[in-house]
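# Next input, structure requested:
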Amino acid sequence: MGSVPAWWGVSRPMRNFFALFALLGILLPACPVALCADEAGSLELFPAKVLLQGRDASAQILVTRVRQDGRREDVTQSARFSPANPALLTLRGEGRVFPLMDGVTTLRVEAAGLSGSVTVEVNGSQVATPVSFTHQVVPVLTRFGCNSGGCHGKLSGQNGFRLSLLGFDPDLDFITLVSENRGRRVCVDAPGQSLFVLKATGQVAHGGGRKIEPGSDEHRVLERWVAGGARGPSSSEAALKRLEVVPAGNVFTRDARQQMVVLAHYSDGRVDDVTRMAQYESNDPEVAGVDPLGVVRAGTRSGEAAVMARFSGSVEVFRARVPLTSGPMTSTFVANLPIDRAVRDRWSQLGLKPSPRAEDAVFIRRMCLDLTGTLPTPAEVAAFEADSTPDKDGKLADRLLARPEHAYYFAGKWADVLRVKRGNQAERAFGTFAFHRWLFEAVSSDMPYDRMTREILLATGDEERSPTTVWFKDLQTPDLMVDNLSQVFMGTRLQCAQCHHHPYERWSQDDYWGLAAFFGRLSRKNITAMSRGTQQQNNPQRSFYYNRPSGTVNNKRTGKPILPTTLDGKGQEIAPEDDPRRLLVDWLTSPENPFFAKAVANRYWAHFFSRGIVEPLDDMRVTNPPSNPALLDALASHLVSDGYSLRSLCKRIVTSGIYRLASEPVEGNAPDRQSFARYYPKRMSAEVLHDAVHAVAAAPASFPGLPTDRHAPIRAIMLPDESFSSYFLDVFGRPQRLSPCECERVSEANLAQVLHMLNSEEIQGKIGRADGRADKLAKDPRPAEEKVNELFVYALGHKPDPAKLKLALDHLSAAGKDEKGKELPNKDAAKKRGWENLLWALINTREFSWIR
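Numbering: from 1, shown residues only. Predicted structure coming up:
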């Protein structure tokens, strides 16, 4: 006889129980030698003409093979370069050209059996051009991490030496290098002995180790700057206007690579190749990584990555697409909606095949939980499965969107990011309850999102007459208002620009404080809330918000007042009788605003798919682009054209073909996390799981400190703020609403959660409750099989398969008998325990606590 489980020696009823426990899954290229002529294609060289101006100039030649089918392949690494006049130039590395003598020559390039040529002109080859501190020295320090947040760029500096973060303040950096510490960091008379050069090159002890190789181009730049007199930033120097990355993107095969060329465009019309001076970073190295020289290589996973190039305070992005296969994608997926077509097109580009449609039982459970935070009843599941009409999904969505549970659930989601919190301060309960009720009514009535935003941001008065003023309770300064406004309503994080230029965006301190200035006139005073028949000293204090006729905000960079300015806009003088916030909200909610509609569309998409089109969902920026721009555009366009109806947006998403896909992967789409080729399963949130346990156990919820009116919560999704005591909600990740970031909600599993579900008094009490689900099923005269099927549908949304049904029935049959099959004296109690065991086993399955 083979080995048996260790628990096989226990009594037969317990063997059945442990078998039930186990069965339910309780939570415990080859390179071608030659090319045919028709396969060769053509060779594309960039730039077509190279101008090397000055002794220290250089340029990167990019060699691209364009195949007959249009595919583009970087062959710079394998190309052969032959100058017609070798006396004029030299080449180092892979296609990098340097001047030797003045003149004009051609550079012949051969690769992949093809050839071409570029013209190279050299001027001033014997002239050492002055080194720019702003556009050469600072980028060197940035490229090697000297001014990063982990080194000298942090606020306190490092070992007494502080640089501006990522070089965004060259004036400060110049003073630090040249004037501080008695000027010992720079030695004009002996450039090679300058302390900052010696430390960077590791020639003297340096806590950060060697950053720059001695004798390298970067080393020479630093020494030449010192030798030239260590000149600082100049107002007459041409300003950097923008960066350009060539190519802007490419499609990669496995093991492919792409050399990027980064061009700096200056205000005087000059264009410099800064490929070797830029800093690079990929937002998804598993899809595509990048090395310090700007060479992008395909990773181990299909998808699309954004590779950032940063130079002198500006950033630009290269988009690397890595398909799963190069062949056509075949699927029976029907794309009826614009968002379906946008996603289908992306699958085709990536060679991904979507999963099939989800079964009805799985789908109704998914939609009920996503729209209402509530499990469907067996009757609802049966009715949906029996419905054969083609618009059954739409009808289900309409019913769910009209239910109060939907309004409560989404009011709670908005309350999270709008920080509706009491902080255990009893006097704040009136305001948090009022604001939550306002959010409930806004969702319930489908208040247009632009109006909802306007009523929050333009709120005046106190929480009794204007509940939305509660949003300002913890936002007592203009900078906090900007941080929260940008993250919630614009889907972007501007906090970095408060103290320095945003390291991953184009936003400056001027942009940040220009937005803050719109809140410069908002003021607050405390008033006493009077109740009839009470003394004034017994009444609570409330905050009253109003707009003053004057008020300014200082720009932290200049220390001077700044005019209210929208992003990329101009400062505006505002009359004393006007509220500056009104101009801000007009700009924000305009259909032309590049942030507003996309931010909320992305936020709602992330709710349904557990991941945004831009991820993190509130970090939209040029260096973190959407994984599918067409999809985000289609969602935002639908929202705007339908009058900013969030209910319509929800319905558009849940009735799409994408949302109908099964969560089970098919070949090739399992690793994908950005193309939505299947539904991504997600854990229930704390409140939803809490309510699901109570619903399946048929045990009403109870929270201490509840109001006694008709709006008293009977579910966790209805709670108006975070201050209701519940160990269950806390251990499963309920946020304390300390920030506007949805990331504050913890979704990862931990041991405390498992133990609480397995053996806590709270869970055991719900399961064993008199008149609870187990008690009622034990007394129910219906056949056991019918009752087991019903319990499975309550918990998991579907009936058990034959093996699980048999195991459950065997366990229930043995529950009232001893190991010899004789009935126990207290048969009814034992029978109830059998149903309790089955219920306990079901709520501890992964399938129960996940939405799939």
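
# where does the stretch 501-650 of the chain dip in pLDDT?
Applying pLDDT under 70 to the stretch 501-650 of the chain flags the ranges 529-539.

# Let me see the domain layout of the chain.
43-123, 133-227, 240-322, 764-851 (automatic domain parsing).

# Tell me if I'm right that Pro448 and Ser648 touch.
No - Pro448 is not in contact with Ser648 according to C-beta atoms under 8 Å; the separation is 10.1 Å. Yep, even glycine has a C-beta here, placed from its N, CA and C like the rest.

# what's the distance between Gly657 and Val381?
Separation of Gly657 from Val381 (C-beta to C-beta, to the nearest Å) stands at 22 Å.

# For the stretch 301-450 of the chain, just list every one of the helices.
338-350, 360-372, 378-386, 392-401, 404-417, 429-444, 449-457 (DSSP state H, counting those that start in this stretch).

# Next, format these as a markdown table and append distance to Leu563 and mean neighbour count.
Formatted as a markdown table, the helices of the stretch 301-450 of the chain follow (distance: least, C-beta to C-beta, whole Å; neighbours: other C-beta atoms under 10 Å):
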| stretch | distance to Leu563 | mean neighbour count |
| --- | --- | --- |
| helix 338-350 | 40 | 20 |
| helix 360-372 | 44 | 23 |
| helix 378-386 | 57 | 15 |
| helix 392-401 | 43 | 18 |
| helix 404-417 | 29 | 22 |
| helix 429-444 | 32 | 21 |
| helix 449-457 | 19 | 20 |
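
# Flag every buried residue along stretch 295-305.
For stretch 295-305, burial by neighbour count (16 or more other C-beta atoms under 10 Å) applies to Val295, Val296, Arg297, Ala298, Gly299, Arg301, Ser302, Gly303, Glu304, Ala305.

# sorry, back to before: okay, the helices of the stretch 301-450 of the chain in CSV with distance to Gln258 and mean pLDDT next?
Shown next, in CSV, are the helices of the stretch 301-450 of the chain (distance: least, C-beta to C-beta, whole Å; pLDDT from 0 to 100):
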stretch, distance to Gln258, mean pLDDT
helix 338-350, 17, 94
helix 360-372, 39, 98
helix 378-386, 49, 97
helix 392-401, 42, 98
helix 404-417, 38, 97
helix 429-444, 47, 94
helix 449-457, 40, 98
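
# Save those as JSON lines, and put in distance to Leu522 too.
Shown next, in JSON lines, are the helices of the stretch 301-450 of the chain (distance: least, C-beta to C-beta, whole Å):
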{"stretch": "helix 338-350", "distance to Leu522": "38"}
{"stretch": "helix 360-372", "distance to Leu522": "36"}
{"stretch": "helix 378-386", "distance to Leu522": "47"}
{"stretch": "helix 392-401", "distance to Leu522": "35"}
{"stretch": "helix 404-417", "distance to Leu522": "20"}
{"stretch": "helix 429-444", "distance to Leu522": "17"}
{"stretch": "helix 449-457", "distance to Leu522": "10"}
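
# then stretch 200-220 to PDB, C-alphas only?
Below are the C-alpha coordinates for stretch 200-220, written out as PDB (Å, rounded to 0.1, in the frame of the first residue of the first chain):
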ATOM      1  CA  ALA A 200      35.000  61.400  -8.600                       C
ATOM      2  CA  THR A 201      37.800  59.500 -10.300                       C
ATOM      3  CA  GLY A 202      38.700  57.600  -7.200                       C
ATOM      4  CA  GLN A 203      42.300  59.000  -7.000                       C
ATOM      5  CA  VAL A 204      41.700  60.000  -3.400                       C
ATOM      6  CA  ALA A 205      39.400  58.300  -0.800                       C
ATOM      7  CA  HIS A 206      35.700  58.700  -1.600                       C
ATOM      8  CA  GLY A 207      32.800  57.200   0.300                       C
ATOM      9  CA  GLY A 208      30.900  56.600  -3.000                       C
ATOM     10  CA  GLY A 209      33.900  54.900  -4.600                       C
ATOM     11  CA  ARG A 210      35.100  55.600  -8.100                       C
ATOM     12  CA  LYS A 211      32.400  57.100 -10.300                       C
ATOM     13  CA  ILE A 212      34.300  58.300 -13.300                       C
ATOM     14  CA  GLU A 213      37.100  56.500 -15.000                       C
ATOM     15  CA  PRO A 214      40.400  58.400 -15.100                       C
ATOM     16  CA  GLY A 215      41.200  59.500 -18.700                       C
ATOM     17  CA  SER A 216      37.600  59.100 -19.800                       C
ATOM     18  CA  ASP A 217      35.800  61.800 -21.800                       C
ATOM     19  CA  GLU A 218      33.800  62.800 -18.700                       C
ATOM     20  CA  HIS A 219      37.100  63.100 -16.700                       C
ATOM     21  CA  ARG A 220      38.400  65.400 -19.500                       C
END
